[in-house]
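S.K.: What shape does this take:
(chains A and B)
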2 protein chains.
Amino acid sequence: MTAAHLSRAVLAVDLGGTAMKGAVVDEDGRTLARRTVATPSHAVETALIELFAELRDLAVAAAATPVGAAVVTPGSVDESRGVVRYASNLGWQNMPLLDVLASALSLPVAVGHDVRAAGLAEQRFGAARGRDDFVLVPIGTGVAAALVTGGGTVIGATGAAGEFGHIPVIPDGEPCACGQRGCLEVYVSGAGLARRYAAAGGGERSSREIVARLGADPVADSIWAEAVGVLAQGLNILTLLLDPGVIVLGGGFSRAGDALLEPLTERMTSGLAWRERPEVLASELADGAGRVGAAILAFRAAGLGDVIDTWPAASVSSAVRVEVR
Amino acid sequence: MTAAHLSRAVLAVDLGGTAMKGAVVDEDGRTLARRTVATPSHAVETALIELFAELRDLAVAAAATPVGAAVVTPGSVDESRGVVRYASNLGWQNMPLLDVLASALSLPVAVGHDVRAAGLAEQRFGAARGRDDFVLVPIGTGVAAALVTGGGTVIGATGAAGEFGHIPVIPDGEPCACGQRGCLEVYVSGAGLARRYAAAGGGERSSREIVARLGADPVADSIWAEAVGVLAQGLNILTLLLDPGVIVLGGGFSRAGDALLEPLTERMTSGLAWRERPEVLASELADGAGRVGAAILAFRAAGLGDVIDTWPAASVSSAVRVEVR
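M.R.: As a prediction, this is how the structure comes out:
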């Protein structure tokens, strides 16, 4: 073992409704340590501060100096002020997260939006490398999107842009948990797929199990075909509005591989009469994209935004592995 | 009459499929002269050069010095290179319009996209004054959109962004002239309204006549209600994706006034369960928006982009009137 050298590192957390995924990332883009804990049902900010304290200890244990921290969250996020305007599954409304964390951690802090941060990571190190116009569509329990146009991410007048899962695609369609009807994620998400499969008489199965039964289970085939059709419609809407150079699919759905990509691109092409279909790719960073995005935001907050220019994409992709030196 | 003083002016043309609307606009934002001619069925570029020559004569007759020129066109436009990639109703494919005009006119020239230029005009002088996040949706024979996010207009990877009229809103819906099915403008545009009214047994009437019969003609009421429903769905899609602070409606449809705005905003609100509906306003510059946008682009091409900062919005709005000194 060689003598440890002291590197600079940031503490990055991807905060979701069920888990808080934390990592220590050094200035070379390597993940020095990871720590994931369950998201509590209340006082999330207290648990988040504790997680950052653990990450700080892990950084020091890995012979790194913490220089900044960032958290990315779902909901409506005002990134410039560091305020989470509204995040239903975190119980937050107008939470001044940047101020809360900055005073608790005594480090430069950034607060970002999870999907927009994932888009930033895919743009720098993933499937959208070097693209100025693309969309990232993570499809998991729900569906969202990071919309990147002209090199910048669309944030919107109130920080609420990118609600791709809740665009109304089927007029007077099935009710969504959000209170609207005919939302895209009613048909396309993991939760929607499982619910519609059960309602069609297929029984209680997870979306992953349903995908595994394709070709052998007519109910699975039928529900999947509807999901692919609605997703193709939604992606064609994005294509006609934003003209992305590439569409990157993330989340659990993207792991369906060719069972998704082949029928999806075929449906998209047949729906577009006079313009070409953009390329459709699977995410390269997968579940790590939000955390990599948080690490980028943290280095920027520390005034070290340039360090990421030196990160080899391969080492970032490997950030899904735990690397403790 | 006072002695004429020599002012600087630009030649601005809004080039459409049926008419080429030209104007001479001076550095104070006043329209010194206007000239509109029919768009020919072929050799549009030759007719356009002739129109610019006439506008130049009109500028000189109005004691103004032409310092720049701009044309805004429909289709897919590469504004940075000044190339119209594709415009079906002008018969153009990869037309190097900037080069053609610059050599014919010996003036600084800009080439823009008609709807994006109209959005720029509404942002500077119209209903979206001072807004960084808004959409302009002109609804006439067809439907388009200028999407402005974070202060910039969405152009897309190939210059084809903003095709709001052709987003698929009704899965497997009625065929569109574009070759796709269920496009928004099948239901919402002037042409779509007239066609669907006739198909429903109402007879041959223009969309304006159909709107005039609302409340007295059940067929008109039914076709209009469907149009309003589809437009509400489309605007809610824009709202959830882009989070605009205001939606500005332009084109002939916006002249329907409360017959449009009241049921439309009601339908939008009922379709949105958990976020507020953005403000919906009628365009202030109406048909003049494209021409005002072209004038702005021409002053920028002339290196005089700053002059528009001094234009009083009122004098720009009055640009629809002919003012020859």
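S.K.: For the residue nearest the centre of chain A, pull up the helix or strand it's in.
M.R.: What sits nearest the mean C-alpha location of chain A, by Cα atoms, centre = their mean, is A:Val115, with 4.0 Å. Using DSSP states H and E, A:Val115 sits within helix A:114-125.
S.K.: just A:Ala104 next, same as before
M.R.: helix A:97-105.
S.K.: try A:Val111
M.R.: A:Val111 is part of strand A:109-113 when elements are defined by DSSP H and E.
S.K.: Over to A:Pro138?
M.R.: Secondary structure from DSSP H and E places A:Pro138 in strand A:134-138.
S.K.: Which elements pack onto whatever helix or strand comes next after that strand?
M.R.: The first helix or strand that comes after strand A:134-138 along the chain, using DSSP H and E, is strand A:146-149. When contacts are defined as 3 or more Cβ pairs under 8 Å, 6 or more residues apart in numbering or on different chains; DSSP states H and E, strand A:146-149 packs onto helix A:114-125, strand A:134-138, helix A:218-242. Where you see a C-beta, it was placed from the backbone N, CA and C, and this is true even at glycine.
S.K.: how about those, which one is nearest A:Arg8?
M.R.: When those are compared by Cβ to Cβ, helix A:114-125 sits nearest A:Arg8, at 18.6 Å.
S.K.: helices or strands up against that closest one?
M.R.: Looks like helix A:114-125 contacts strand A:7-15, strand A:64-73, strand A:134-138, strand A:146-149, strand A:152-153, strand A:246-250, helix A:289-301, helix A:313-317 (3+ Cβ pairs under 8 Å, 6+ apart).
S.K.: what would those look like in TSV with mean neighbour count and mean pLDDT?
M.R.: Output for those, formatted as TSV (neighbours: other Cβ atoms under 10 Å in any protein chain shown; pLDDT from 0 to 100):
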stretch	mean neighbour count	mean pLDDT
strand A:7-15	27	97
strand A:64-73	25	97
strand A:134-138	29	97
strand A:146-149	28	98
strand A:152-153	18	95
strand A:246-250	25	96
helix A:289-301	29	96
helix A:313-317	16	67
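S.K.: coming back round to it: mind checking the pLDDT average for the helix holding A:Val115?
M.R.: Per-region confidence: helix A:114-125 scores 95 on mean pLDDT.
S.K.: Report the angle between it and strand A:246-250.
M.R.: Inter-element angle recorded for helix A:114-125 and strand A:246-250: 120 degrees (by axes from the mean of the first three to the mean of the last three Cα atoms, to 10 degrees).
S.K.: Need the CA coordinates for helix A:114-125. CSV is fine.
M.R.: The C-alpha coordinates for helix A:114-125 follow below in CSV (Å, rounded to 0.1, in the frame of the first residue of the first chain):
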residue,chain,number,x,y,z
ASP,A,114,-32.7,15.4,-8.6
VAL,A,115,-33.7,14.9,-12.2
ARG,A,116,-32.1,18.1,-13.5
ALA,A,117,-28.9,17.2,-11.7
ALA,A,118,-29.1,13.7,-13.3
GLY,A,119,-29.4,15.4,-16.7
LEU,A,120,-26.3,17.5,-16.0
ALA,A,121,-24.4,14.3,-15.1
GLU,A,122,-25.6,12.5,-18.3
GLN,A,123,-24.6,15.6,-20.3
ARG,A,124,-21.1,15.6,-18.9
PHE,A,125,-20.4,12.0,-18.5
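S.K.: So which bits of that helix are buried?
M.R.: A:Asp114, A:Val115, A:Arg116, A:Ala117, A:Ala118, A:Gly119, A:Leu120, A:Ala121, A:Glu122, A:Gln123, A:Arg124, A:Phe125 (16 or more other Cβ atoms under 10 Å in any protein chain shown).
S.K.: Give the burial count for the closest residue to chain B within the stretch 1-150 of chain A, as a bare number.
M.R.: Distances between the stretch 1-150 of chain A and chain B by Cβ to the nearest Cβ are smallest at A:Asp133, namely 4.0 Å. For A:Asp133, the neighbour count with other Cβ atoms under 10 Å in any protein chain shown is 22.
S.K.: where does the residue lying closest to it once chain neighbours are set aside fall, phi/psi-wise?
M.R.: Nearest residue to A:Asp133, sequence neighbours excluded (Cβ to Cβ, 6 or more residues apart in numbering or on different chains): B:Ala157, at 4.0 Å. The main-chain torsion angles of B:Ala157 are listed as degrees, to the nearest 10 and equal phi -70, psi -30.
S.K.: Over to A:Ile49?
M.R.: According to degrees, to the nearest 10, A:Ile49 has phi -60, psi -40.
S.K.: Now do the same contact list for it.
M.R.: A:Ile49 sits next to A:Val100, A:Leu101, A:Ala104, A:Leu105 when contact means Cβ atoms under 8 Å, 6 or more residues apart in numbering or on different chains.
S.K.: Can you report how many residues lie near the third one?
M.R.: Neighbour count for A:Ala104, taken as other Cβ under 10 Å: 17.
S.K.: ditto for A:Ala259
M.R.: There are 16 residues near A:Ala259, going by other Cβ under 10 Å.
S.K.: what's the answer for the one 4 residues further on, then?
M.R.: By the measure other Cβ under 10 Å, the count of residues near A:Pro263 is 18.
S.K.: That one: what's its closest spatial neighbour, skipping adjacent residues?
M.R.: That would be A:Val228: by Cβ to Cβ, 6+ apart, it lies 4.8 Å from A:Pro263.
S.K.: For that neighbour, report the pLDDT, please.
M.R.: 97.
S.K.: my read: A:Leu120 touches A:Gly293, true?
M.R.: Yes: here A:Leu120 reaches A:Gly293: they are 4.7 Å apart, a contact under Cβ atoms under 8 Å.
S.K.: related to what we said a few turns ago, what's the angle from the helix holding A:Val115 to strand A:7-15?
M.R.: Calculated by the same axes, to 10 degrees, helix A:114-125 forms an angle of 140 degrees with strand A:7-15.
S.K.: Tell me the confidence at the closest residue to chain B within the stretch 51-200 of chain A?
M.R.: The minimum distance from the stretch 51-200 of chain A to chain B, using Cβ to the nearest Cβ, falls at A:Gly156 (2.4 Å). On pLDDT, A:Gly156 comes in at 95.
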